[in-house]
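Undergrad: heads up, no residue letters with this:
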Ligand SMILES: Nc1ncnc2c1ncn2[C@@H]1O[C@H](COP(=O)(O)OP(=O)(O)OP(=O)(O)O)[C@@H](O)[C@H]1O
């Protein structure tokens with residue numbers, strides 16, 4: 001569905017932070033882009049969506065497939081109400097009202113935004129703005145989702161609904177790339193992982209392969225394996 005090949009990418013002309021990152025995301029797969037603060041997760045995502053300053057490589061999205069991106073910092077229009085945001089997204093995806101309106105209402109209910117349709121999301125709390133973006137993205141039923149730090153800033157109920165939605169979209173055949181440092185959620189959700197450290201992919205594969213590579217017993221958590229990989233030791 002999506003092939004990512006980054007030779008190098010970064011913010012300065014001379015020094016590119018990311019080096020040699022190659023991966024593919026297939027339909028029905030949840031891939032975790034994992035790494036500490038500053039490891040290069042957001043820079044990788046910016047490379048995929050084409051907003052990074054300097055990029056060498058290639059990004060190939062299967063023809064005709066639609067991509068939805070949920071950024072870490074919710075960005076919304078100042079003068080549009082919640083419902084107007086939803087209508088605008090539906091229009092740009094050419095969705096008829098009979099399709100998008102029931103989906104939008106269902107999502108608003110899940111994320112406790114029912115009754116706020118005619119308010120301006122710029123006046124919402126950060127978590128509510130994040131929920132707004134989640135509703136906008138999932139309403140479109142995209143083929144591929146790229147979500148930067150999905151679990152930060154959401155309350156427990158919203159987190160639960162988001163996890164259910166991710167599973168639902170996976171079952172529908174969507175491909176999902178989640179960037180996160182919340183390793184316990186990633187461990188439960190993701191089919192495999194790309195572990196980043198200082199701009200390099202230091203491991204790619206499923207948890208079992210990571211346990212084997214780091215000589216950890218079966219059942220060792222993603223966090224412990226990640227630590228073992230970085231430090232050559234156990235926590
Ligand atoms: N706008 C920017 N201009 C210059 N350098 C940047 C910019 N954003 C990030 N960087 C640098 O690029 C490197 C990778 O940052 P990136 O934001 O990709 O990390 P991350 O893994 O997403 O971290 P976090 O978990 O903290 O969001 C860091 O060294 C950071 O200082």
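TA: Looks like it arrived, so ask away. Just so we're clear, the structure is a prediction, and the values are computed from it rather than from any experiment.
Undergrad: The host helix or strand of residue 44 near the ligand at all?
TA: Residue 44 belongs to helix 41-49 when assigned by DSSP states H and E. Yes: residues of helix 41-49 are located near the ligand by CB under 6 Å from any ligand atom, namely 41-43. Just so you know, the C-beta spots here come from the backbone N, C-alpha and C atoms, and that holds for glycine as well.
Undergrad: and that helix, what does it pack onto?
TA: When contacts are defined as 3 or more CB pairs under 8 Å, 6 or more residues apart in numbering; DSSP states H and E, helix 41-49 packs onto strand 2-10, strand 18-25, strand 30-35, strand 54-61, strand 67-70, strand 144-148, strand 175-180.
Undergrad: tell me the mean pLDDT for it?
TA: Averaging pLDDT along helix 41-49 gives 95.
Undergrad: of the helices and strands packed on helix 41-49, which approaches residue 195 most closely?
TA: Counting by CB to CB, residue 195 lies closest to strand 30-35 out of those; the figure is 5.1 Å.
Undergrad: so what strands line up beside that closest one?
TA: In the sheet, strand 30-35 lines up against strand 175-180 (parallel), strand 192-197 (parallel) (DSSP bridges).
Undergrad: what's the last one in contact with?
TA: Taking CB atoms under 8 Å, 6 or more residues apart in numbering as the criterion, the residues outside strand 192-197 that touch it are 21, 23, 29, 31-36, 39-41, 44, 186, 201-207, 210, 222, 226, 229-230.
Undergrad: for this structure, which helix is longest?
TA: helix 156-172 (DSSP state H).
Undergrad: Quick check: residues of this structure near the ligand?
TA: Near the ligand, when you scan the chain using CB under 6 Å from any ligand atom, you find 11, 17, 35, 37-43, 181.
Undergrad: got JSON lines for the residues you listed, with neighbour count too?
TA: Shown next, in JSON lines, are the residues of the chain next to the ligand (neighbours: other CB atoms under 10 Å):
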{"residue": "11", "neighbour count": "12"}
{"residue": "17", "neighbour count": "19"}
{"residue": "35", "neighbour count": "26"}
{"residue": "37", "neighbour count": "6"}
{"residue": "38", "neighbour count": "13"}
{"residue": "39", "neighbour count": "23"}
{"residue": "40", "neighbour count": "26"}
{"residue": "41", "neighbour count": "23"}
{"residue": "42", "neighbour count": "18"}
{"residue": "43", "neighbour count": "22"}
{"residue": "181", "neighbour count": "17"}
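Undergrad: Please indicate which of the contacts of strand 192-197 are buried?
TA: 21, 23, 29, 31-35, 39-41, 44, 186, 201-204, 207, 210, 222, 226, 229 (16 or more other CB atoms under 10 Å).
Undergrad: what's in contact with stretch 94-112?
TA: Contacts to stretch 94-112, defined as CB under 8 Å, 6+ apart, come from residues 82-83, 86-87, 89-90, 93, 114, 116-117, 131, 134-135, 138-141, 157-158, 161, 165.
Undergrad: Of the residues you listed, grab the buried ones for ChimeraX.
TA: Selection of the buried residues among those in ChimeraX, burial being defined by 16+ other CB under 10 Å:
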select :82,86,87,89,90,116,131,134,135,138,139,140,141,158,161,165
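Undergrad: The contacts of stretch 94-112 in helices, which ones?
TA: Per DSSP H, the contacts of stretch 94-112 map to helices at 82-83, 86-87, 89-90, 131, 134-135, 138-139, 157-158, 161, 165.
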